[in-house]
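> Dropping the sequence and predicted coords here.
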Amino acid sequence: MLRKSFTILLAILLLASPVSAFFSFDFSISQSSAITGATIATEAIADTMVSNYIDENHPEYSGAYTAVSLIFDPMGKIVGKLSSNGVKYANKLYEYSKKADNGKNIVNSDDLNKIFDKDIIEEFAKKESKGYSPKTVAGNAVNLLDEGVEPENINKLFKDAVKNDKKLGWIDNRISKLKDKGVEIKTTNNIIKNSDKPNNALKKAVDETNKLSKMGISKSSISKITKNANNIDDLTKQRKVIGDLKRRKISKEAINKLIENGYDLEKSRDVIKELRNKGIKTKTINKLIENGYDVTKFNKEFKAITNSDPKLMKKLAKYINSWDIKRINPLDVSGGSQKLVKVFNARGIRTIVKDKDTGEIRGEVNNFAVLKVGNDKFGLKHIINRHEADFKKIFNIKEDDEIIKKIKETLESPSDKPKYGLNPKIGKYGKYEYHIYKKFGDNQYLLIALDDSGSITTAIPTTKYSKVETFMDGLE
């Protein structure tokens with residue numbers, strides 16, 4: 001009776017004091033003090049008084065009594081009730097966490113509260129003999145905090161591990177492996193956060209990054225892939241796309257370049273397949289990507305200058321395969337005057353690609369001609385600058401597209417066979433050219449000259465047939 005009276009009096013005194021004074025609990029205090037605090041709540045009257053007080057004043061903490069414990073937080077934050085074994089386990093956990101911290105200031109009460117909630121402490125306490133000693137758990141928690149794993153994610157990993165009897169050491173091991181492969185800790189945290197089975201997700205992430213590394217994917221590229229992956233399944237999908245690119249003989253340098261430049265790998269793979277079907281060699285595609293060119297943009301330009309004509313696309317592919325892509329990409333603005341504007345089926349014209357240094361022929365395409373951007377001396381710029389007025393006067397056209405259409409019609413169906421020979425009027429020793437013309441109507445002719453590589457130098461409208469004769473007979 002005396003004990004009960006004392007208990008009731010003590011409960012009244014406690015309730016009269018600030019609520020935090022009763023509910024605050026720092027596990028640096030002795031275990032006996034914890035048991036004393038728990039004993040108060042075991043008496044029926046005191047239990048009822050405490051319960052009513054909490055229900056009325058702190059309903060959010062309703063049920064957080066009987067063995068009341070403020071886990072690792074001396075500031076009055078109530079986490080929940082713990083069993084006596086849970087209290088003992090938590091006390092040791094706190095002590096070992098401080099020891100593992102070893103003055104690094106990694107551990108703080110707030111982080112520990114996020115990692116070790118009531119449920120996980122009780123589970124660890126139950127399975128302490130199965131490899132979950134407070135020392136082991138605390139050491140792993142501190143290591144993971146040191147790695148940069150968010151406390152909430154450590155809680156998630158620990159719950160998953162203890163539920164499935166998995167060793168905690170594997171967690172830190174896998175996170176270290178991901179870090180070694182270039183995976184940022186922020187990405188690792190997202191992997192854990194977005195998975196219902198975080199330990200399995202980490203294991204799969206390690207497996208996938210190992211495979212990527214063996215494929216020759218660099219650390220910086222792995223970092224980008226994992227960062228952009230929405231989840232582990234997405235990472236697996238990206239790895240399979242890379243595997244497909246490797247099977248198509250796309251070099252590791254090219255793949256890393258695609259990743260480095262932020263290109264969509266799946267879309268790039270589909271474009272590469274399309275280019276291969278058009279006749280572009282893998283070697284050419286690798287050189288394009290390795291030199292920083294966008295294959296999607298290249299493919300779009302490829303279709304535009306051929307009007308998606310299957311025969312022309314095959315010819316253009318053969319033509320481009322002969323180019324030294326390291327020096328110039330004829331479908332990119334970086335090609336300058338050599339950039340292709342349009343290509344044509346041109347009966348009797350042989351287009352060749354020469355080595356810039358040796359002059360040797362790298363490749364040739366029959367019945368094919370090209371129109372380049374050019375400059376004041378050749379190509380589209382020369383034609384517009386020198387002969388736009390003649391096109392308007394004779395054909396009543398002035399738009400570039402209309403002029404190109406007339407050139408196309410002339411090359412595809414000339415009025416006579418093309419002539420090839422030396423034009424003595426060009427340069428000191430003359431140059432070899434193709435000359436071709438077409439009659440469009442009464443007093444309407446278009447004369448086209450191409451150099452010996454099949455590139456159009458000029459297109460001259462005229463109304464005089466005598467000029468046509470001079471033009472066609474002007475080659476030796």
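Yes, it's here.
> residue ranges with poor pLDDT in this protein?
Residues of the chain that meet the criterion pLDDT under 70 lie in 1-81.
> Could I get the full set of strands for it?
In the chain, the strands defined using DSSP state E lie at 68-69, 80-81, 340-354, 361-372, 419-423, 431-441, 444-451, 456-462.
> Deepest-packed of those, please.
For those, the stretch with the most neighbours on average is strand 68-69, a mean of 26; neighbours defined as mean count of other C-beta atoms under 10 Å. C-beta: built from backbone N, CA, C; applies to glycine.
> The strands of the chain into JSON lines, with extra columns for distance to residue 274?
Below are the strands of the chain laid out as JSON lines (distance: least, C-beta to C-beta, whole Å):
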{"stretch": "strand 68-69", "distance to residue 274": "65"}
{"stretch": "strand 80-81", "distance to residue 274": "60"}
{"stretch": "strand 340-354", "distance to residue 274": "18"}
{"stretch": "strand 361-372", "distance to residue 274": "20"}
{"stretch": "strand 419-423", "distance to residue 274": "35"}
{"stretch": "strand 431-441", "distance to residue 274": "32"}
{"stretch": "strand 444-451", "distance to residue 274": "30"}
{"stretch": "strand 456-462", "distance to residue 274": "28"}
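> Compare those strands and report which one is nearest to residue 276.
Taking C-beta to C-beta as the criterion, strand 361-372 is the member of these that comes nearest to residue 276, at 17.6 Å.
> Centre of the chain to the closest one, how far?
In terms of C-alpha atoms, centre = their mean, to the nearest Å, the centre of strand 361-372 is set 38 Å apart from its chain centre.
> one step back: for residue 384, which of the strands of the chain is the nearest?
strand 456-462 (9.9 Å).
> Contacts for the closest one next, please.
Applying C-beta atoms under 8 Å, 6 or more residues apart in numbering, the set of residues contacting strand 456-462 from outside is 369-372, 377-379, 382-383, 386-387, 390-391, 393-395, 403, 406-407, 410, 433, 444-451, 468, 471.
> Now residue 397: phi and psi?
Backbone torsions of residue 397, given as degrees, to the nearest 10, read phi -130, psi 150.
> number of nearby residues for it?
Applying the criterion other C-beta atoms under 10 Å, we find 16 residues in the vicinity of residue 397.
> before we move on, what about residue 121?
By the other C-beta under 10 Å criterion, the neighbourhood of residue 121 contains 25 residues.
> wouldn't it be in contact with residue 89 here?
Yes: using C-beta atoms under 8 Å, residue 121 is in contact with residue 89, at 5.9 Å.
> Isn't residue 388 up against residue 398?
Yes: counting by C-beta under 8 Å, residue 388 touches residue 398, with 6.1 Å between them.
> neighbour count winner among those two?
Neighbour comparison, residue 388 and residue 398: the larger count goes to residue 388, with 16 against 13 (by other C-beta under 10 Å).
> who's in contact with that one?
Contacts for residue 388 were tallied using C-beta under 8 Å, 6+ apart; they are 398, 403.
> at 7 Å what do you get?
Residues in contact with residue 388 (C-beta atoms under 7 Å, 6 or more residues apart in numbering) are residue 398.
> swap in residue 342?
Taking C-beta under 7 Å, 6+ apart as the definition of contact, the neighbours of residue 342 are 305, 371, 404.
> Give me the neighbour count for the last one.
Okay, so that is residue 404. There are 18 residues near residue 404, going by other C-beta under 10 Å.
> what does the first one give?
Residue neighbour count, defined by other C-beta under 10 Å, stands at 20 for residue 305.
> pretty sure it contacts residue 332?
No: counting by C-beta atoms under 7 Å, residue 332 is not a contact partner of residue 305; they are 12.0 Å apart.
> got a list of what the closest residue to residue 426 other than its chain neighbours touches?
Closest residue in space to residue 426, ignoring its immediate chain neighbours: residue 433 at 7.4 Å, by C-beta to C-beta, 6 or more residues apart in numbering. Taking C-beta under 7 Å, 6+ apart as the definition of contact, the neighbours of residue 433 are 423, 449-452, 475.
> ok, now residue 277?
By C-beta under 7 Å, 6+ apart, no residues touch residue 277.
> the helices in the stretch 101-250 of the chain, which residues?
Using DSSP state H, counting those that start in this stretch, the helices assigned to the stretch 101-250 of the chain run over residues 109-115, 118-126, 134-147, 151-163, 169-180, 185-193, 198-214, 219-228, 232-247.
> can you tell me how far the residue nearest to residue 426 sits from residue 474?
Taking C-beta to C-beta, to the nearest Å as the measure, residue 433 and residue 474 are separated by 9 Å.
> same check, this time on residue 250
Applying C-beta to C-beta, one obtains 49 Å for the distance of residue 250 from residue 474.
> out of the two, which sits in the more crowded spot?
The neighbour count for residue 250 versus residue 474, taken as other C-beta under 10 Å, is higher for residue 250 (20 against 16).
> The more buried one contacts residue 286, correct?
Yes: under the contact definition of C-beta under 7 Å, residue 250 touches residue 286, with a separation of 6.3 Å.
> Test my guess that residue 410 contacts residue 434.
No: with contacts defined as C-beta under 7 Å, residue 410 does not count as touching residue 434, sitting 11.8 Å away.
> hang on, the earlier thing: of all the strands of the chain, which one is nearest residue 136?
When the strands of the chain are compared for distance to residue 136 using C-beta to C-beta, the nearest one is strand 68-69, at 21.9 Å.
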